[in-house]
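Trainee: let's see this in three dimensions:
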Amino acid sequence: MPAVTELRLFAVDLPFKAAFRHAAAARTTSESLFLRIRLDSGAEGWGECLPRAYVSGERRDQAFILLRDTILPPLVGQSFQSLAEVVSFLEKCDGKAPSAWVGPEVPQSSAWCSVDLALLDAFGRAFDQPVRLAAAGDQPSADGGLGRYRYSGVVSAGRGWPYAVSLLKTRAFGFPHVKLKVERDGALQAARTARRLLGRRVDLRVDANMAWNLEQALAAIGQLRAVGIRSFEQPIAADDLAGLARLVAESSAGIVVDEGLTDRDSLQRFITQRACTGANVRISKCGGLVGAHARCREALDADLLLQVGCQVGESSLLSAAHLTLLQALASLTPGVRYAEGCFGGHLLREDPVSPSVQFGYGGRPPRRPAGAGLGVQVDQAMLERWAVDQAHVV
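Mentor: Numbers count the residues shown, from 1 in each chain. Alright, predicted model coming up:
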């Protein structure tokens, strides 16, 4: 029965080809954590997460310390008889470390994502099985249902010629859906420019990343709906559930929550208080693949529009997990409305994972990597080149 014998943790700044900015943050590197798990059988698996304080309440340095000192030591010696037993363990964890290791009130869902993925990858390789969250009979087609999806383009709102060039490149790439990242001011003009350059057929939606207060959001939504925008992601602060509920009731617009949605309790609060009509579930903020799958199912059961998103700067490791999640949801109706992710070399100057997992023309999804575990290989030497901190746990 394979058992965990060694763990290596890397804090890594993978450089971007261009800066990415929105109302809550601006960055030029990924600010990632990578985790390698080694088993006594010789099998290895990798996990990845991108902690964001404004999303899950975790700074990267805090997540690094929590993993190194509290979560990883109890993993040494853990053994499983099958990949299904690993999935069962992670289902019980539900996107967080066991409560005997870390109190559930401690922000940890992003940190736990790295453990979730590394365990699935390592034990998938040990048992020579690909990671799956649905039985083979649930897959609707030979490609696992991925053909039904198209990835969204994402553009940071701006002005002038550089903004116009970004929009024209997005149009030339043929995306059917585009998300426009807006800030507190200038949203209407940016949206008008986007609509004019992208055309009427593109499904254009807005993400404010908490840029507005309630009154600003009500005014902006009213103006932006005239430009054909129906979906508004995180228009106000994530903890203002009363304000979000007012937006749902008074604007008749689609209100999608993202920041602050990390676990079962947070999603249930949004649902119970009718504070959203849609949910953006991301693997890295929702405790990994197994936790994200549970949140997706709960959102669909509550009749919410479902968006499966990503953290800016994900490598092809998380992208492979993203495809695994989409496959698990492909047979559901209505299922996933918007998919964001698999940026790979479109954003990263160097992706330490092969094969490259990135969308193609028109936002068409790539093939899920074949092979055991998550099906990808990690270049540890590249990680070490961009690492700002490392830890070894045995």
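Trainee: doesn't Ala328 belong to a helix?
Mentor: Yes: checked against DSSP: H, G, I helix; E, B strand; the rest coil, Ala328 lies within a helix.
Trainee: dump the residue contacts of it.
Mentor: Residues in contact with Ala328, defined by Cβ atoms under 8 Å, 6 or more residues apart in numbering, are 132-134, 138, 293. Heads up, the C-betas are built off the backbone N, CA and C, glycines and all.
Trainee: ok, 6 Å please
Mentor: 133-134, 293 (Cβ atoms under 6 Å, 6 or more residues apart in numbering).
Trainee: most neighbours out of the residues you listed, which is it?
Mentor: Across the contacts of Ala328, neighbour numbers were computed from other Cβ atoms under 10 Å; His293 holds the maximum, 24 neighbours.
Trainee: for that one, which non-adjacent residue is spatially closest?
Mentor: Residue nearest to His293 in three dimensions, not counting chain neighbours: Leu133, with 5.0 Å by Cβ to Cβ, 6 or more residues apart in numbering.
Trainee: likewise Ala157?
Mentor: Closest to Ala157 by Cβ to Cβ, 6+ apart is Ala190, at 3.7 Å.
Trainee: count of residues packed around that neighbour?
Mentor: 24.
Trainee: now name the helix or strand holding it.
Mentor: For Ala190, the host element (DSSP states H and E) is helix 187-198.
Trainee: moving C-terminal of that helix, what's the next helix or strand?
Mentor: Using DSSP H and E, the next helix or strand after helix 187-198 towards the C-terminus is strand 203-207.
Trainee: only alpha carbons, please: show that next one as CSV.
Mentor: Written as CSV, here are the backbone C-alpha positions of strand 203-207 (Å, rounded to 0.1, in the frame of the first residue of the first chain):
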residue,chain,number,x,y,z
ASP,A,203,-21.4,37.5,-25.1
LEU,A,204,-19.8,40.3,-23.2
ARG,A,205,-19.8,40.3,-19.4
VAL,A,206,-18.3,42.4,-16.7
ASP,A,207,-16.1,41.7,-13.6
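Trainee: host element of Ala370?
Mentor: For Ala370, there is no helix or strand it lies in under DSSP H and E.
Trainee: ramachandran angles for it?
Mentor: The phi/psi pair for Ala370 (degrees, to the nearest 10) reads phi -80, psi 160.
Trainee: who's in contact with it?
Mentor: With Cβ under 6 Å, 6+ apart, Ala370 has no contacts at all.
Trainee: and the pLDDT at it?
Mentor: The model reports Ala370 with a pLDDT of 95.
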